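*Asks:* I'll drop the sequence and a predicted model, then ask my questions.
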Amino acid sequence: MTVRTSRTASFGLAAAVTRSTLVALRAKGLGDGWERKNHAGRTVDLYAAPAAVAGAALAAARVR
């Protein structure tokens, strides 16, 4: 039971870090190098990748 709780807590913490990193990067607005046009011609941002890396790194650090 303790292992399951620990995994759940790690997952929740990683998700929170990923979301907060994404929000912070979007608020900061790093410039045009972080925006691209997709195949439909809409502008999309590329902030999700560094946010996902931050969350994954935190989750990996918590695994024993």
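*Replies:* Right, received. Where do you want to start? The model shown is predicted, which means the values in this text are computed figures rather than measured ones.
*Asks:* In the chain, which helix is the longest?
*Replies:* Taking DSSP state H as the criterion, the chain has its longest helix at helix 2-28.
*Asks:* distance between the helix or strand just after it and the chain's centre?
*Replies:* Once helix 2-28 ends, the next helix or strand along the chain (criterion: DSSP states H and E) is strand 35-37. Chain-centre distance of strand 35-37: 19 Å, with CA atoms, centre = their mean, to the nearest Å.
*Asks:* avg pLDDT for strand 35-37?
*Replies:* Mean per-residue pLDDT for strand 35-37: 88.
*Asks:* Parallel or antiparallel, list what pairs with the helix or strand just after that strand.
*Replies:* Where DSSP H and E defines the elements, the next helix or strand beyond strand 35-37 is strand 43-45. Using DSSP bridges, the strands paired with strand 43-45 are strand 35-37 (antiparallel).
*Asks:* Return the set of buried residues in stretch 30-38.
*Replies:* Residues of stretch 30-38 classed as buried by neighbour count (16 or more other CB atoms under 10 Å): residue 34. (C-beta placed from N, C-alpha, C; glycine too.)
*Asks:* now that stretch: how far from the chain's centre is it?
*Replies:* 17 Å.
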